[in-house]
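# Okay, predicted coordinates and the sequence, questions at the end:
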Amino acid sequence: MRHAYTVEQVRSAEAALMAKLPPGTLMQRAATGLAVAVSNFLGRTYGANIVLLIGSGDNGGDALYAGARLARRGARVTAILLSEKVHAAGLEAFRLAGGRVDTSDALAGGRVGASDDLADADVVLDGIVGIGGRPGLRPDAEALVRRVEQHGVPIVAVDVPSGVDVDTGETPESHLNAALTVTFGTHKICHLVDPAATACGPVHLVDIGLDLPPAEVQSLQADDVRALYPVPHGESDKYSRGVLGLMVGSPQYPGAAVMATAGALAGPVGMVRYVGSSSVGQAVLAEYPEVVVGEGRVQAWAVGSGISTSGVDRDRFTRLIQQDDVPVIVDAGAIGALGTKHSARLVITPHAGELGQLLGVPRAEIEAGRLHYARTAAEERQLTVLLKGATTVVASPDGTTYVNPIATPWLATAGSGDVLAGLLGAFLASGLDEARAAALAAYLHAAAGTLASAAGPITAMSIAHALPAATRHLLSS
Ligand SMILES: NC(=O)C1=CN([C@@H]2O[C@H](COP(=O)(O)OP(=O)(O)OC[C@H]3O[C@@H](n4cnc5c(N)ncnc54)[C@H](OP(=O)(O)O)[C@@H]3O)[C@@H](O)[C@H]2O)[C@@H](O)CC1
Ligand SMILES: [K+]
């Protein structure tokens, strides 16, 4: 599991550890890990041209100490100071190691020399601001960063890409985009949550020995998927593996029922029941003869994919969400049919527009604050939210939050959400709790999309068809 923490949690863990160690130990651990990561990124150190952008805090201190190490190993390292006040001991160590300080009118924004340094750089280290910063780049920093981008020089962000909101993953102001982020002690929320997560690039974690409380945000990794996946055993039968009821698809969108069924049958479920109009039932049977069409006992329901809100059978839906023994996935049109009260355990699977409608918030605001709004909806409505998007967020009413680590823009294809609803239903019917079922489904759906897209553009059915191979690969690796 990958865990992410708030700045406050990181600061108090750092303070507790620093109290037990000689002064400066943590920064030296951070700087050593950073220098190694930069060397690995470059593939060489001797002779490399490295530029440091240095802000006023300890983030700049990390970069200066790492720069000193790289200079001692033969790199040509130049620091551009963005503040009159920088980490004094770090600057001294940097100078002693042979590091150069670019003084070319740096604070006034002229930067003739800085421009030359940047044009020749193999990499730029962003030590402008770390977890102590406010979102946004100041004009000086912004001008330099844009120049780095113009020269096409890759940026390694120290701890976090400067400008992002560390605790929310939001990017309300200008920020930089890193080719690699090297962070210390633990992941922070901006490393996992978009849009900031995209700005981080790959994230390399340097262990500095922090002792941390339970995490704010978690992200499943391949070994978690292996541990959680309900693999059938010798005593399993179709009922104990779980029966999923699908109330999805409509005469207008019969394909949604076929795609949700495809997703469900590629999951861990023992049996799928279809309940709905006979023409849609026939379409499902034509593709999947193993489906049982008609009423009967189920361990979970998936409702709403391929049904408009006006097409939802309100009486039936209200009864489903007022019982308390069978969890219900509420997708697409059914999200719009949700009232304020329910007794069943619910998982809603909106995209940003649907969540916006539910909360009365513009779609763009949801996109910019995905974590916040997923959590708000989960808490206010007392249900689990799987918010679809480039990075899928799962938030449950008790605060447990997962962020899907795999993003593939190819997943944005018609019917992809129907496959996901079916797959999620399969995990829920197999007995997993809502948050884990949603996190697993999002992970495998994205893994299957990634696998399928290796051969080019994908359709929803190709995602479903790649699910068994993606699952097999994960379970056997
Ligand atoms: N603590 C530890 O044990 C360890 C910490 N470590 C490292 O320390 C980092 C945190 O250091 P930190 O607390 O000094 O904060 P940091 O982010 O460098 O600077 C904050 C200052 O920047 C300024 N500023 C604010 N917003 C800004 C903006 N948008 N753009 C530009 N400037 C802005 C503002 O000062 P001002 O300029 O306003 O006077 C503010 O005071 C952490 O990320 C990690 O790298 C590691 O060594 C591991 C051990
Ligand atoms: K930084």
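Yep, that arrived. Ligands and ions are numbered 1, 2, ... in the order given.
# what residues does the chain put near ligand 1?
By Cβ under 6 Å from any ligand atom, the residues of the chain that approach ligand 1 are 14, 18, 26-27, 30, 55-59, 62, 83, 128-134, 136, 138, 141, 158-159, 184, 208. Quick note: C-beta positions are derived from backbone N, CA and C, even for glycine.
# Selecting buried members of the residues you listed in PyMOL, what would you type?
Remark: buried members of the residues of the chain next to ligand 1, expressed as a PyMOL selection using 16 or more other Cβ atoms under 10 Å:
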select buried, resi 14+26+27+30+55+56+57+58+59+62+83+128+129+130+131+133+136+138+141+158+159+184+208
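# how does this structure divide up, domain by domain?
The chain breaks down by automatic domain parsing into domains covering 2-219, 222-476.
# Pull the distance from the longest one to the chain's centre.
What that stands for is domain 222-476. Relative to its parent chain, domain 222-476 has a centroid offset of 18 Å by Cα atoms, centre = their mean, to the nearest Å.
# returning to what we had before: taking the residues of the chain next to ligand 1 one by one, which sit in strands?
158, 184 (DSSP state E).
# Considering only the residues of the chain next to ligand 1, which also neighbour ligand 2?
Among the residues of the chain next to ligand 1, the residues that sit close to ligand 2 (Cβ under 5 Å from the ion) are residue 158.
# my guess is residue 301 contacts residue 330, does it?
No. Contact criterion Cβ atoms under 8 Å: residue 301 and residue 330 do not qualify, at 9.0 Å.
# buried sites along stretch 396-405?
Quick answer for stretch 396-405 (16+ other Cβ under 10 Å): 396-397, 400-405.
# can you tell me which two in these are farthest apart?
Largest separation among those by Cβ to Cβ: 397 and 405, giving 22.8 Å.
# Distance check, residue 460 against ligand 1.
42 Å (Cβ to the nearest ligand atom, to the nearest Å).
# ok, and the closest non-adjacent residue to that residue?
Distances taken as Cβ to Cβ, 6 or more residues apart in numbering place residue 415 nearest to residue 460, at 3.0 Å, with adjacent residues excluded.
# next one: residue 241
residue 270 (3.1 Å).
# What is the neighbour count of that neighbour?
18 (other Cβ atoms under 10 Å).
# Now do the contacts for residue 131.
Contact partners of residue 131, counting by Cβ atoms under 8 Å, 6 or more residues apart in numbering, are 7, 10-11, 59, 159-160, 166, 188.
# Pull out the buried residues from those residues.
Using 16+ other Cβ under 10 Å as the burial test, the contacts of residue 131 include 7, 10, 59, 159-160, 166, 188 as buried.
# related to what we said a few turns ago, what sits against the residue nearest to residue 241?
Neighbour list for residue 270: 232, 236-243 [criterion: Cβ under 8 Å, 6+ apart].
# Which one (most neighbours) among the residues you listed?
When the contacts of residue 270 are compared by neighbour count (other Cβ under 10 Å), residue 242 ends up highest, at 26 neighbours.
# wait, doesn't that residue sit right on residue 264?
No. Taking contacts as Cβ under 8 Å, residue 242 lies outside contact range of residue 264: 9.9 Å.
# who touches both of these two?
Here residue 242 and residue 264 share the contacting residues residue 426, scored by Cβ under 8 Å, 6+ apart.
# how about the strands in the stretch 351-477 of the chain?
All strands of the stretch 351-477 of the chain, identified by DSSP state E, counting those that start in this stretch, fall at 384-387, 393-395, 401-403.
# pLDDT averaged over the last one - what is it?
The predicted model assigns strand 401-403 a mean pLDDT of 96.
# just the second one next, same as before
Confidence over strand 393-395 (mean pLDDT, whole number) is 97.
# which other helices and strands contact that strand?
For strand 393-395, the elements it packs on are helix 370-381, strand 384-387, strand 401-403, helix 434-453, judged by 3 or more Cβ pairs under 8 Å, 6 or more residues apart in numbering; DSSP states H and E.
# The last one too?
Contact analysis of strand 401-403 by 3+ Cβ pairs under 8 Å, 6+ apart lists strand 217-219, helix 370-381, strand 393-395, helix 434-453 as its packing neighbours.
# Sweet, I'm off.
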